[in-house]
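Participant: Provide a 3D model corresponding to the input given below.
(chains A and B)
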Amino acid sequence: MIIVEPKSFEEIEQMTKGCGRLLVLGCETCSAMCFAGGQRQVAEIASSIRMSKKMSQDQTEVLDDTVARQCELEFLDHVKDKVAACNTVLSLSCGAGVQTMAKMFPDRRILPAVNTKFIGRATKRGEWMEMCMACGDCILERTAGICPVTRCAKGLLNGPCGGATGGICEVSKDQPCVWQEIYHALKRLNMLHYLKQKPQVKDWPVHPDKVVRKDLREVGAT
Amino acid sequence: MSFRESLESGKFLVTAEVGPGKGTDVEHLLKDADIIKNRVDAVNVTDLQSSVMRLGSMAFSHLLTDMGIEPIFQMTGRDRNRLALQSDLLSAWVLGIRNVLALTGDHPTMGDHPHAKPVFDLDSVSLLEMINKLNSGYDMAGNELKGVPEFLPGAVVNPGADNEAALDLQIMKMEKKIEAGAKFFQTQAVYDIDLFEKFIKRVEGFKVPIIGGVILLKSAGMARFMNKNVAGVLVPTPLIKEMTDTKDKVKKSVEIAARIVKRLKNLCQGVHIMALGWEKTIPAVLDQADI
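Facilitator: Numbers count the residues shown, from 1 in each chain, chains lettered A, B, ... in the order given. Below is the predicted model:
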């Protein structure tokens, strides 16, 4: 999922100063899983903003709501009346959600309440780890499902750099050398010979990267 | 005899290393190079070693060619993408540089500009492939070159990897480097000769010349520092004790290095002496090792 972290309340307070009627809008998918943008965080942030506005004699109303997914236009339909009734939306979604909102409601200001960090997973409660850089050229079939592009500090494709000590990466000193992890995983699967393959030099996508829907249909049809 | 000819002749090679400093002052480095000029086959010039911003490897390599010393131009993938790397190689060739050591490079976080963007567009293996492509008359995109270089590409290997997985991975990567065109290897510093011998036994079938690394031990403190901070370097306790007990550190340092060089003579095709500023002691090391 997309990992996000809440911005500080000071930053949100600054951003929403004089913003007019405000809708605090959560996202029940990734943001909620990160404890940063689900119903509970929406309620907390909306109430903090109300209190802050009250203290500064600001009478503007603060509404709140949550959608299942802010990154898809279809899911935004049910809040369109609420958005229409406000001047500004504080989105608790990732960058894709904020931009989808801005696309759907071009004459409303959409403010981000979280910082989007990476694609990853929760390693324990309150801790997330980056797993995928969305490089657009997946090689996980050759690396036992462990991504060196993301998890090797240098993103190396041909094996480790030789800097690991005691199996620990010399750059990220709290992480194992991901190439040694790949080695052990491939060995378990009796696939060590995969390490001898020489991958192509990585081609970096032209920014902004996109998949054209037409291509997806073609893939689906075959 | 050029470095390539010496390498191909099978003779025992001696290479040394200079690391340009921060700034434009090259006088002392040129002096150091002059001292060892007649005792070495080539001199490596490091590429922003330890990710610290310094004078460049290409410029200093060129200064060495002016002095009649053959440089081994070290090139890492850390700071330049494939456009800049290829262009710099062509530039190096027209400046008289013939040997390239292809490295991945330390991560910028290890140096004095830790927030620099790490590039690593090419790693050591793909860098070697690219050098071979240039040698064959084409750039990485397949465009034909007008005027073709004939670089001698080399690579590094760390024989002291500290566990089975790390060592297996080093050796697999070494094979990839050979396949990608590496014509010689220089190694991380060797202190534990028995361990190095085991490594050599594993890779002797590759039939590629290996030049064993020797770092002059300047003090017991330096040895302990390397044991703690330099991956793959392990200075055995008795050597540290020798450095602690001696009254004359330079003399002891030379003696230890000469001992290592002597043993390496029987195991590999050369030694790469990293004197780290003590270049003036290199002739004594070679004398004591009967080279």
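Participant: On the three-state scheme, the residue nearest the centre of chain B is what?
Facilitator: With distances taken as Cα atoms, centre = their mean, the residue of chain B nearest its centroid is B:Gln186 (5.4 Å). Following DSSP: H, G, I helix; E, B strand; the rest coil, B:Gln186 is assigned to strand.
Participant: name the element A:Lys117 belongs to?
Facilitator: Assigned by DSSP states H and E, A:Lys117 belongs to strand A:114-124.
Participant: Report all helices and strands that that strand contacts.
Facilitator: When contacts are defined as 3 or more Cβ pairs under 8 Å, 6 or more residues apart in numbering or on different chains; DSSP states H and E, strand A:114-124 packs onto strand A:2-6, strand A:127-132. Where you see a C-beta, it was placed from the backbone N, CA and C, and this is true even at glycine.
Participant: Give me the buried stretch members for stretch B:259-277, please.
Facilitator: Across stretch B:259-277, burial judged by 16 or more other Cβ atoms under 10 Å in any protein chain shown covers B:259-265, B:267-275.
Participant: For A:Ala102, state which of these is nearest.
Facilitator: Each of these was scored against A:Ala102 by Cβ to Cβ, and B:Met274 proved nearest at 56.4 Å.
Participant: Settle this for me: the closest one is touching B:Leu216, isn't it.
Facilitator: Yes: taking Cβ atoms under 8 Å as the definition, B:Met274 is a contact partner of B:Leu216 at 7.1 Å.
Participant: residues shared between the contacts of these two?
Facilitator: Among the neighbours of B:Met274, none is also in contact with B:Leu216 (Cβ atoms under 8 Å, 6 or more residues apart in numbering or on different chains).
Participant: Quick one: name the residues of the stretch 51-200 of chain B near chain A.
Facilitator: Within the stretch 51-200 of chain B, the residues that sit near chain A (Cβ under 8 Å from any Cβ of the partner chain) are B:82, B:104, B:106-107, B:109-110, B:118, B:120-126, B:129, B:140, B:156-158, B:161-163, B:165-166, B:168-170, B:172-173, B:175-176, B:179-180, B:188.
Participant: Can you check the pLDDT for the residue nearest to A:Gly162 when sequence neighbours are not counted?
Facilitator: Closest residue in space to A:Gly162, ignoring its immediate chain neighbours: B:Asn158 at 4.0 Å, by Cβ to Cβ, 6 or more residues apart in numbering or on different chains. As predicted, B:Asn158 sits at a pLDDT of 93.
Participant: coming back round to it: among the residues of the stretch 51-200 of chain B next to chain A, which ones are in strands?
Facilitator: B:156-157, B:188 (DSSP state E).
Participant: can you pick the most crowded of these?
Facilitator: The residue in those with the most neighbours, by other Cβ atoms under 10 Å in any protein chain shown, is B:Val157 (24 neighbours).
Participant: Report the separation between that residue and B:Phe184.
Facilitator: 11 Å (Cβ to Cβ, to the nearest Å).
Participant: Give the intersection of the neighbour lists for these two.
Facilitator: Shared contacts of B:Val157 and B:Phe184, counting by Cβ under 8 Å, 6+ apart, come down to B:Ile210.
Participant: tell me the phi and psi of A:Thr165?
Facilitator: According to degrees, to the nearest 10, the main-chain angles of A:Thr165 amount to phi -130, psi 130.
Participant: Mark out where each domain of chain A begins and ends.
Facilitator: Domain ranges of chain A: A:2-118, A:139-196, per automatic domain parsing.
Participant: Mean neighbour count added to the ones you listed, as CSV?
Facilitator: Conversion of those to CSV gives the following (neighbours: other Cβ atoms under 10 Å in any protein chain shown):
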stretch, mean neighbour count
domain A:2-118, 18
domain A:139-196, 18
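Participant: show me what contacts residue 103?
Facilitator: If you meant another chain, say so; for now it's chain A. A:Lys103 neighbours (Cβ under 8 Å, 6+ apart): A:Leu73.
Participant: I was thinking of chain B, sorry if that wasn't clear
Facilitator: B:Leu103 sits next to B:47, B:74-77, B:124, B:127, B:155-156 when contact means Cβ under 8 Å, 6+ apart.
Participant: Please tell me how far it sits from B:Val119.
Facilitator: Distance, B:Leu103 to B:Val119, using Cβ to Cβ: 13 Å.
Participant: Which stretches in chain A count as helices?
Facilitator: A:9-15, A:30-33, A:39-55, A:80-84, A:95-104, A:148-151, A:178-188, A:213-221 (DSSP state H).
Participant: Next, the angle strand A:114-124 makes with the third one.
Facilitator: Relative orientation of helix A:39-55 and strand A:114-124, computed by axes from the mean of the first three to the mean of the last three Cα atoms, to 10 degrees: 140 degrees.
Participant: What helices and strands are in contact with helix A:39-55?
Facilitator: Helices and strands touching helix A:39-55, by 3+ Cβ pairs under 8 Å, 6+ apart, are helix A:9-15, strand A:22-27, helix A:30-33, strand A:62-67.
Participant: quick one: which of those is nearest chain B?
Facilitator: Of all the helices and strands packed on helix A:39-55, the one in closest proximity to chain B, counting by Cβ to the nearest Cβ, is helix A:9-15 (21.9 Å).
Participant: shouldn't B:Val45 be in contact with B:Pro71?
Facilitator: Yes: B:Val45 sits in contact with B:Pro71 when judged by Cβ under 8 Å, with a separation of 5.3 Å.
Participant: Any chance you could list residues touching both of those two?
Facilitator: In contact with both B:Val45 and B:Pro71: B:60-61, B:64, using Cβ under 8 Å, 6+ apart.
Participant: Please narrow those residues to those residing in strands.
Facilitator: In this view, those have no member that belongs to strands under DSSP E.
Participant: Closest to chain A out of those?
Facilitator: Using Cβ to the nearest Cβ, B:Ser61 comes nearest to chain A of the shared contacts of B:Val45 and B:Pro71, at 23.4 Å.
Participant: list the contacts for that closest one?
Facilitator: B:Ser61 is in contact with B:45, B:71-73, B:92, B:95, B:97, counting by Cβ under 8 Å, 6+ apart.
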